[in-house]
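[1] after the sequence you'll find the predicted model.
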Amino acid sequence: MAAGTLTGAGVIVGGQRSARRSEITTYLTSTLAPLLGLSASSATNPKATSGLVITRSWTSGLRDWPGRPRRVRVRYVPGRARVGDVVVDIGDSRWVNELARQIGSRLGGEYEVARNDQIRGRLQLRLRTKPLPGEVPETAQVRRAKKVVNELLAGTAKVDNVDVDDTTGEVRRLTVKHDVGAKLAAPGYRNRVERTVSVMLPGRWRARWDMEADSVVFEVRPTLPESLWIPARALPEDDPLLNYRAVEIPCGVDEDGEAIAWRPAITPQWLITGETGSGKTSTGHGILTQITRFGWPVWIADGKGIEFLGFQDWPNVQIVASRIEEQVAVIHRAWQLMEHRYQLVVDRKARTEDFEPLMVFVDEFTDLKANLQSWYQQIKVKGDPTKPPTLAEVGSIARKGRTARVHLVLSMQRPDAEILTGEARENFGQRTGMGQLSPQGAQMMWNNPVTGVTIPRGRTGRAIGSNSTGLPVEMQCYRVPDPKEAIPGTEEYELLEQLRPPESRHERLLIVSPEIDWSGEEPVEPTFTDFAEAEWVKAADHPELDPIAWELDRDQNTAGDGRTLSSAMTVLGLDDRSRDAAGGGRRLFDRVGRVDTSKPYAAATSVPDAPSNTGTAGDDRDLDDDLYAGHYSHPTPTQASALQVGDLVCVDDDLGSWAVVEDEPIEDFDDPDSLLIAWRDDQDQSGELVVASEALMQARRPTAMED
Ligand SMILES: Nc1ncnc2c1ncn2[C@@H]1O[C@H](COP(=O)(O)OP(=O)(O)OP(=O)(O)O)[C@@H](O)[C@H]1O
């Protein structure tokens, strides 16, 4: 019989089990003979060995397994025996330990001393059934985990501690000492080890290296929560000049629950990307609720025209520009303020410390750009530059805003090459990429084609954000109720009330739309410059221009009339009751989709764009059938070894479930002909596929989505 663990060998049925147990006992006795001081010839003599080792109280064996004795009794005669290179006294502690070790390794269990009577030469060992406190049984999962880290750490791993999940038995954490030395200095090496562990072991893993102590902790990454309402914090110091350096705007938490926050005094400009439904608007609302509590004035250019309506009367929000000509004015005035402050510094009339900070929030910059370009073509006059100056002004604020304390928060659906190429990206020290990125987007945002490409699409508010050391980490952004939607009496409404600054330090402002000049022979339309430099007034002084005042008025006159206002008859101009409310009987179509000639250039761009993923009927049909249309190519049979991080693979043919490849496929240490593919799906579930290296799998590659 071969040496090694005896149990488990052979197939045993019914009565054969006791025969097998006695066979094991006989074999155990003969292999222990040298330790018991017997000569080689006595060891094989049944008479000499009879009764030396007695096994009792076996654990119940399964069909093909004889179990293990809970008790082993050994009879011995005092004398000397060899243990490795040393000679020990039979019966002393070193001898007992060695005997227990050998019995344990042969029976595949752990044995401890129950009694040792050295005078009578009787040793009783018992099977340890429960692990010692803090000790983990050597299950198959534990063995595999140890093997994987040992191979990755060049065979030098000494596992100090293992934590397993009580219910599944899966390994959750390993603390390992190693002797890999200088090689580890290269982050590439450490990353590779970390990634391989993540693919080889169930779950998503990370490593924390202690380079000085030559140790590393591998652990399963904690799961981020699905939704986190923004916490209401105590009212901070709200004088923006006093609090400037201390302002910190938490926007969510990382997987360890650490707050991810923006500190405008350190990283003055913030860029947020996220497609429709990623939670970008909610994140923007969170920023506004917090910065206004610090008493900062806020100007908003609402590229979509509808996302920030609920902030029109929020304390310290001075203006919400929802039409393109107002957005142009907001950006221009912010740029002018910045230039003015620069000049004050140059003229030594003021210092940066004197400047009250201003936050300019430009939402949906891509929509704003598109609207701006088409609007500019309509109003551009001879002598105007070919491109509207607004874009250059945004770029200028991004570059130079810090000194003038003009802080830009720019949000857009997808990473934009113009903003995120080379040095321009560095202007936005704070970046948040909400939702899943394509490899191209990840490259633009994080200079790495894989960061953020596996963010689960079914988790709104999930993002990659820069942490306090500037590194991109996965996070869950806070959720914030929309003031426009919150209904009094609900928890959302209560939370908003707690978030709302109790007082406003900054008055609401309005932009006076320039008029057609009728003084000459021909009417003269306002120019781009007229719009950019339009006059600003205090809202309190001009209720006739103030949409909030109109709204109050309208609420009093037409409360509950939204149904009539939105009916098709009203839109077609056929409902008598709605004529007044809808604007003096003019058809709403005059306002929607084409230029309302009674108001220069006003409405052509004030219509909220349709979501970008709607399109032709064909597209719609695709979307209905295929959740991934537009983001991934059609399914193609792809060799497993050619899969890349970010590809979609079919993880269940029967259910037609798809998931994103999380790491490069890796050859299985236990079976070099197999590849392991770690995946993560839309609901943040993860797992591994084991496939033959040559296998063809249905896969879809991300398509370029960026502008
Ligand atoms: N951080 C979050 N956690 C969980 N759910 C959220 C979070 N943020 C928003 N949501 C929910 O997801 C939905 C979409 O949110 P939101 O409107 O902010 O997305 P968006 O990316 O701005 O989309 P859009 O561009 O269409 O406005 C909302 O119903 C909102 O309640």
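    Received, thanks.

[2] bridging residues for the residue nearest the centre of the chain?
    Nearest to the mean C-alpha position of the chain, by CA atoms, centre = their mean, lies Glu474 at 2.9 Å. Applying DSSP bridges to Glu474 gives these bridge partners: Ile464.

[3] and the single nearest residue of the chain relative to the ligand, how close does it get to Trp229?
    Among the residues of the chain, Gly461 lies nearest to the ligand; the distance is 2.3 Å by CB to the nearest ligand atom. C-beta here means a position set from N, CA and C on the backbone, and glycine is covered the same way. With the distance defined as CB to CB, to the nearest Å, Gly461 ends up 10 Å from Trp229.

[4] now for those two: what residues contact both?
    When CB atoms under 8 Å, 6 or more residues apart in numbering defines a contact, the residues bordering Gly461 and Trp229 alike are Tyr478, Arg479.

[5] who has more neighbours out of these two?
    More neighbours sit around Gly461 than around the other of Gly461 and Trp229, counting by other CB atoms under 10 Å; the figures are 26 against 13.

[6] next up, the contacts around the nearest residue to the residue of the chain closest to the ligand once chain neighbours are set aside.
    Among residues not flanking Gly461 along the chain, Gly279 sits closest, at 3.9 Å (CB to CB, 6 or more residues apart in numbering). Residues near Gly279 by CB under 8 Å, 6+ apart: Met434, Gly435, Thr460, Gly461, Arg462, Ala463, Cys477, Arg479.

[7] what number of residues lie near the nearest residue to Glu492 once chain neighbours are set aside?
    Taking CB to CB, 6+ apart as the measure, Glu492 lies nearest to Pro481, with 3.6 Å between them; neighbours along the chain are not counted. Per other CB under 10 Å, the neighbour tally for Pro481 reads 22.

[8] what's the answer for the one 10 residues further on, then?
    As a burial measure, the neighbour count of Glu491 was computed by other CB under 10 Å and equals 10.

[9] state the distance from it to Leu648.
    With distances taken as CB to CB, Glu491 is found 37 Å from Leu648.

[10] tell me the secondary structure at Gln644.
    With DSSP: H, G, I helix; E, B strand; the rest coil as the basis, the three-state label of Gln644 is coil.

[11] and it, what does it touch?
    With CB under 8 Å, 6+ apart, Gln644 has these contacts: Pro439, Val661, Glu664, Arg701.

[12] does the third one lie in a helix or a strand, and which?
    Think Glu664. Counting by DSSP states H and E, Glu664 is held by no secondary-structure element, helix or strand.

[13] ok, how many other residues are close to the closest residue to it other than its chain neighbours?
    Distance criterion CB to CB, 6+ apart; nearest residue to Glu664, sequence neighbours excluded, is Val645 at 6.2 Å. Val645 has 19 neighbours, counted by other CB under 10 Å.

[14] isn't Val645 up against Val661?
    Yes. Judged on CB atoms under 8 Å, Val645 makes contact with Val661 at a distance of 5.7 Å.

[15] overlap in contacts, those two.
    Taking CB under 8 Å, 6+ apart as the contact criterion, the residues that touch both Val645 and Val661 are Thr454.

[16] quick one: low-confidence parts of the stretch 351-500 of the chain?
    Low-confidence segments of the stretch 351-500 of the chain, defined by pLDDT under 70, are absent; every residue clears the threshold.

[17] related to what we said a few turns ago, what's the residue nearest to the centre of the chain in contact with, if anything?
    Residues touching Glu474, when contacts are defined by CB under 8 Å, 6+ apart, comprise Leu224, Asp254, Glu255, Gly452, Ile455, Arg462, Ala463, Ile464.

[18] just the closest of those residues to Glu151, please.
    Each of the contacts of Glu474 was scored against Glu151 by CB to CB, and Glu255 proved nearest at 26.7 Å.

[19] how close does the residue nearest to the centre of the chain get to Glu423?
    When CB to CB is applied, the distance between Glu474 and Glu423 equals 27 Å.

[20] the longest helix belonging to the chain: which residues count as buried?
    The single longest helix within the chain, with elements called by DSSP state H, is helix 324-346. Judged by neighbour count (16 or more other CB atoms under 10 Å), helix 324-346 contains these buried residues: 324-335, 337-339, 341, 344.

[21] and if you look at stretch 402-420?
    In stretch 402-420, residues buried by neighbour count (16+ other CB under 10 Å) are 402, 404-416, 419-420.

[22] residues of the stretch 201-350 of the chain that sit close to the ligand?
    Residues of the stretch 201-350 of the chain lying close to the ligand by CB under 6 Å from any ligand atom are Ser227, Gly274, Thr276, Gly277, Ser278, Gly279, Lys280, Thr281, Ser282, Glu307.

[23] buried ones from these, can you make that a ChimeraX selection?
    Those of those that meet the burial criterion (16+ other CB under 10 Å) are gathered into one ChimeraX selection, given here:
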select :274,278,279,280,281,282,307
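
[24] how about the residues of the chain by the ligand?
    Counting by CB under 6 Å from any ligand atom, the residues of the chain close to the ligand are 227, 274, 276-282, 307, 460-461, 477-479.

[25] ok, back up a step: show the pLDDT at the residue nearest to Gly461.
    Reading off the confidence values, Gly279 has pLDDT 95.

[26] please report phi then psi for Ser438.
    Backbone torsions of Ser438, given as degrees, to the nearest 10, read phi -80, psi 160.

[27] three-state assignment of the residue nearest to Glu492?
    Pro481 falls in the coil class when you classify it by three-state DSSP.

[28] need phi/psi at it.
    With angles defined as degrees, to the nearest 10, Pro481 shows backbone torsions of phi -70, psi 150.

[29] what are the boundaries of the strands in the stretch 351-500 of the chain?
    Listed in chain order, the strands found in the stretch 351-500 of the chain under DSSP state E, counting those that start in this stretch are 358-363, 406-412, 430-434, 462-466, 472-477.

[30] other SSEs contacting the third one?
    Meaning strand 430-434. In terms of contact count using 3 or more CB pairs under 8 Å, 6 or more residues apart in numbering; DSSP states H and E, strand 430-434 is assigned the packing partners strand 270-274, helix 280-293, helix 439-446, strand 462-466, strand 472-477.

[31] so which strand or helix has Glu219?
    Element membership for Glu219 (DSSP H and E) is strand 215-220.

[32] max pairwise distance over the contacts of Gly279: which two?
    Taking CB to CB as the measure, those span a maximum distance of 14.3 Å, between Gly435 and Arg479.

[33] and the contacts of stretch 153-163?
    If you take CB under 8 Å, 6+ apart as the criterion, stretch 153-163 is touched by 134, 136, 142, 145-146, 149-150, 171-180, 183, 193, 215-216.

[34] just the buried subset of those residues, please.
    When neighbours are counted using 16+ other CB under 10 Å, the contacts of stretch 153-163 contain these buried positions: 136, 142, 145-146, 149-150, 171-172, 174-176, 178, 180, 193, 216.

[35] residue ranges with poor pLDDT in this protein?
    Low-confidence regions of the chain, defined by pLDDT under 70, span residues 1-16, 60-65, 129-135, 552-567, 569-573, 575-625, 704-707.

[36] change it to 50
    When residues are selected by pLDDT under 50, those of the chain lie in 1-14, 559, 578, 581-624, 706-707.

[37] more neighbours, Gly435 and Arg479?
    Summary of the neighbour comparison: Gly435 and Arg479, criterion other CB under 10 Å, with Gly435 having more neighbours (25 against 20).
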